[in-house]
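J.: One predicted model, sequence on top.
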Amino acid sequence: MRVNFFRQPFSSQRLPGRRGVLQLGLVALLLGVASPAPNASAHAGAEPRHWVGTWSASPMAADAAGDQTNDGFSNQTLRQIAHVSIGGDRVRVRLSNAFGTTPLVIGAAHVALQSDAAAIVPESDRALSFAGQPSVVIPPGALVLSDAVELAVPSLGNLAVSVFVPEETGPTTWHQLGTQSTFVSAPGDFTAAAELPIAAVNQSWFWLSGIEVQASRRAFSVVTLGDSITDGYGSTLDANRRWPDLLSARLNAAGTRARHAPVEVGVLNQGISGNRLLHDQFGQNASARFDRDVLAAPGARHVIVMIGINDLGFPGAFGVPDEAVEAADIQRGLGFLVERAHAQGLRIHAATLAPFEGTSFPGYYTLEGEAKRQAINAWVRDSNTFDSVIDFDAVLRDPARPTQLLPAFDSGDHLHPNDAGYAAMANAIDLGELR
């Protein structure tokens, strides 16, 4: 859905012996001294480990949210908060310039445990490097993965990722709806500062697209692909009450109660507010970003898909009748995702579309759109196309008027759930299907 955020002002100020290493490497090679294999434990006899996603945010172009955009940054530090799902003792960070048109200069980057707001736990601060260097230039359309650092990351904890950009970036790759405060500094590099000098606060993530931890070989991740309802629109700011967060809390609790060694399960939120299955407008359509956001997700074993309601509502809400879709179009599009997921060995679980009658967005709800929603939901439930079905429609609807959200679960716009609604969604998921 169209999200009316107030854009924060951004500063536009600008900042006025290797040979020995090679020889040692050659000696080690001649003596047969091998480095540990990637993703393997460095300790002999220890359980093999691999990298698993613990947090994510799908990148968007600067102008991919209708009339909302960002102006970029210059000579500033951004401290961005990420609520992780599973923990680990080593961590690395993904930074994306997916929609940049020029190289992005990262002058410095750090990761630490959040203390409160923009403050970090000082002893947890770790400088990030990229191929051994403290800075990196990310080409247009590319992403970089930081070197791993030793850090005890707690499950369901908050990490603070601080990024300094020394040069003017111009409008830049972001994830618009964070429902999480991002802190923008006064001019300068404050990546190592325990307290950030705050010049602005907004609710988006910039460049930060993923965080991974090293976990046991049995650990895996669940990707949640969707629109604003997956993104958490209508949930409480900084409270981590999106339904994927609450699903993660359930999975963590189930692991703690396990009789045998618990299996760690990361949950990756790849929702984009306003996103559609078949057309672009608010971010790339879900069909186009499926490879990047789902199939390439580190450690992914499952994907939960809830998308299609904006495909029904946008033609009327935004006056684009040529983008109208039929129920069969959504069914075919979802079917293609199933084929692609299964080809990569992922199990795919479909969620029914929630009620939307009475929504406050003019032109979004129509009787025709409701008929299509009912047809899509019936097909999701009965076609045996998916590995399992999650009936969010049944969970969220008002029994007295099933085409509307239950008032107790309504955020106020009659389309997006509130915290209680998101909790009901997370509680409706059969954890036995996510094995």
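T.: Happy to help now that I have it.
J.: In this structure residue 250 contacts residue 423, no?
T.: No. Here residue 250 does not reach residue 423: they are 9.9 Å apart, not a contact under C-beta atoms under 8 Å. The way it works is simple: take the backbone N, C-alpha and C, and place the C-beta from them, glycine included.
J.: Just give me the neighbour total for residue 229.
T.: Residue 229 sits with 30 neighbouring residues when counted by other C-beta atoms under 10 Å.
J.: Now do the contacts for residue 315.
T.: 321-325 (C-beta atoms under 8 Å, 6 or more residues apart in numbering).
J.: gap between the closest residue to it other than its chain neighbours and residue 151?
T.: Among residues not flanking residue 315 along the chain, residue 324 sits closest, at 4.3 Å (C-beta to C-beta, 6 or more residues apart in numbering). Noted for residue 324: a distance of 49 Å to residue 151, by C-beta to C-beta, to the nearest Å.
J.: These two: which is more packed in?
T.: Just comparing residue 324 and residue 151: by other C-beta under 10 Å the higher neighbour count belongs to residue 151, 19 against 15.
J.: Check which helix or strand the more buried one maps to.
T.: Following DSSP states H and E, the helix or strand that holds residue 151 is strand 149-153.
J.: Could you give me the buried positions within stretch 264-280?
T.: 264-279 (16 or more other C-beta atoms under 10 Å).
J.: between those residues, which is closest to residue 339?
T.: For the buried residues of stretch 264-280, the closest approach to residue 339 (C-beta to C-beta) belongs to residue 277, at 14.5 Å.
J.: show me the residues around the closest one that make contact.
T.: Residue 277 neighbours (C-beta under 8 Å, 6+ apart): 285-287, 307-308, 311, 330, 333-334.
J.: now do 7 Å
T.: Shown in contact with residue 277 (C-beta atoms under 7 Å, 6 or more residues apart in numbering): 285-287, 307-308, 311, 330, 333.
J.: How about residue 214?
T.: Neighbours of residue 214 in contact, by C-beta under 7 Å, 6+ apart: 49, 51, 88-90.
J.: okay, among the residues you listed, which ones form the most distant pair?
T.: So, these by C-beta to C-beta: farthest apart are 51 and 89, at 12.5 Å.
J.: neighbour count winner among these two?
T.: residue 51 (20 against 12).
J.: The more buried one and residue 300 touch, don't they?
T.: No. If you go by C-beta atoms under 7 Å, residue 51 and residue 300 don't touch, sitting 11.5 Å apart.
J.: Now for residue 366, how many residues are close by?
T.: The burial count for residue 366: 15, using other C-beta under 10 Å.
J.: which one is it nearest to, not counting chain neighbours?
T.: residue 316 (5.7 Å).
J.: Likewise for residue 295?
T.: Distances taken as C-beta to C-beta, 6+ apart place residue 344 nearest to residue 295, at 5.1 Å, with adjacent residues excluded.
J.: Which pLDDT value belongs to the one you found?
T.: pLDDT for residue 344: 97.
J.: again, but for residue 28
T.: pLDDT recorded at residue 28 is 34.
J.: Residue ranges of each domain in the chain, please.
T.: 56-63+72-209, 216-433 (automatic domain parsing).
J.: now what about the helix or strand hosting residue 381, what contacts it?
T.: Taking DSSP H and E as the definition, residue 381 sits inside helix 367-382. For helix 367-382, contacts defined as C-beta under 7 Å, 6+ apart pick out 308, 312-313, 326-327, 330-331, 350, 352-353, 357, 389, 391, 393, 403.
J.: Angles on the backbone of the residue nearest to residue 377 when sequence neighbours are not counted, please.
T.: Spatial nearest neighbour of residue 377, chain neighbours left out: residue 352 (4.3 Å); criterion: C-beta to C-beta, 6+ apart. For residue 352, the backbone dihedrals (degrees, to the nearest 10) come out as phi -70, psi 160.
J.: ok, residue 352 touching residue 395?
T.: No. Look at residue 352 against residue 395 with C-beta under 7 Å: they stay out of range, at 9.0 Å.
J.: Look at the two and report which has more neighbours.
T.: residue 352 (24 against 20).
J.: quick one: contacts for that one?
T.: Counted by C-beta under 7 Å, 6+ apart, residue 352 has contacts 377, 380-381, 391-393.
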